[in-house]
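# Structure, please.
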Amino acid sequence: MTVTAQMARFALVGVVNTGTYYGCYLVLLTWLPYIAAHVIAFALSMVGSFFLNSWFTYRTRPTWRKFLLFPLTNAANFVITTGGVYLLVDLAGFSSRYAPLVAAAAAIPITFVVSRTIMLRPEPRTPSPERVP
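So this is what the prediction gives:
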């Protein structure tokens with residue numbers, strides 16, 4: 001699959017993931033402060049994002065190793081979106097309802113590059129026992 005096709009699929013997964021995140025965020029926002037709602041919604045949507053990106057974007061088998069590394073791919077996204085939400089709400093006066101959408105858009109290119117690197121990384125080979133002739 002070409003990088004362009006992966007980018008298109010990544011964008012589609014991103015739309016679904018953003019919808020999932022935003023829906024969770026709005027529900028949680030009724031009970032929690034906006035930063036707590038953001039963190040919990042982000043974590044929930046990240047699990048769904050892992051499986052969608054494994055199966056649909058990169059057409060690779062999900063493994064525990066990739067699952068455990070996947071949060072690292074979102075570390076940059078998390079820092080950018082969390083910092084962005086804070087800056088937009090507390091410093092720029094944006095509504096806490098819409099700030100996450102603006103912050104998420106800024107994180108997309110970085111997330112794609114890091115995600116692609118992790119998801120397409122070859123699995124470590126386990127040494128096979130030597131055959132005795």
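
# need the contact list for the nearest residue to Val13 once chain neighbours are set aside.
Distances taken as CB to CB, 6 or more residues apart in numbering put Leu52 closest to Val13, at 4.5 Å, once the chain neighbours are dropped. For every residue, glycine as well, the C-beta is placed using N, CA and C. Neighbouring residues of Leu52 by CB atoms under 8 Å, 6 or more residues apart in numbering: Val13, Val16, Asn17.

# list the contacts for the last one?
The reference is to Asn17. Applying CB under 8 Å, 6+ apart, the residues near Asn17 are Ser45, Gly48, Ser49, Leu52.

# please redo it, this time with the cut-off set to 10 Å
Taking CB atoms under 10 Å, 6 or more residues apart in numbering as the criterion, Asn17 is in contact with Phe10, Phe42, Ser45, Met46, Gly48, Ser49, Phe50, Leu52, Asn53, Ala104, Thr111.

# Among those residues, which one sits closest to Phe78?
Phe42 (6.3 Å; CB to CB).

# That concludes my questions; thank you for your assistance.
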